[in-house]
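Trainee: Sequence first, then the predicted structure:
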Amino acid sequence: MIFNVSQLLRQEVGASRRYELEPEENVSAGHVELIRTPGGVLVRCHATVGLEAECSRCLTAFGYEEDIEFEEIYAQQMDP
């Protein structure tokens, strides 16, 4: 997933955008919120993702879905 934040970087601190995530390879649902900060963009994400694992006893592969959440600040590198 790639989000173009150039317009958001031109707005005042506190401006935000929200996107619903479309089902993709390993993502089945979720949303992303982008918030303008003084030094860049704060990304808040909540998503349901498909994971693959292997049983430690019988070594059988299996898949399952997990809800994940994260927040990450991305520093502005260039002035748009």
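Mentor: Cool, got the structure.
Trainee: distance of the spatially closest residue to Glu71 that is not a sequence neighbour from Ile35?
Mentor: Excluding its sequence neighbours, the residue lying closest to Glu71 (C-beta to C-beta, 6 or more residues apart in numbering) is Arg44, at 5.1 Å. For the C-beta atoms, the positions are set from N, CA and C on the backbone; glycine is no exception. Look at Arg44 and Ile35: by C-beta to C-beta, to the nearest Å, they are 7 Å apart.
Trainee: Tell me the buried residues in the worst-scoring helix or strand of the chain on mean pLDDT?
Mentor: Every helix and strand of the chain was ranked by mean pLDDT, DSSP states H and E. The lowest is helix 6-9, at a mean of 91. Of the residues in helix 6-9, Leu8 count as buried by neighbour count, 16 or more other C-beta atoms under 10 Å.
Trainee: Does anything pack onto that helix? Which helices or strands?
Mentor: Judged by 3 or more C-beta pairs under 8 Å, 6 or more residues apart in numbering; DSSP states H and E, helix 6-9 is in contact with strand 27-37, strand 40-54.
Trainee: Out of these, the one nearest Glu12 is which?
Mentor: The closest of these to Glu12 is strand 27-37. By C-beta to C-beta, the value is 6.9 Å.
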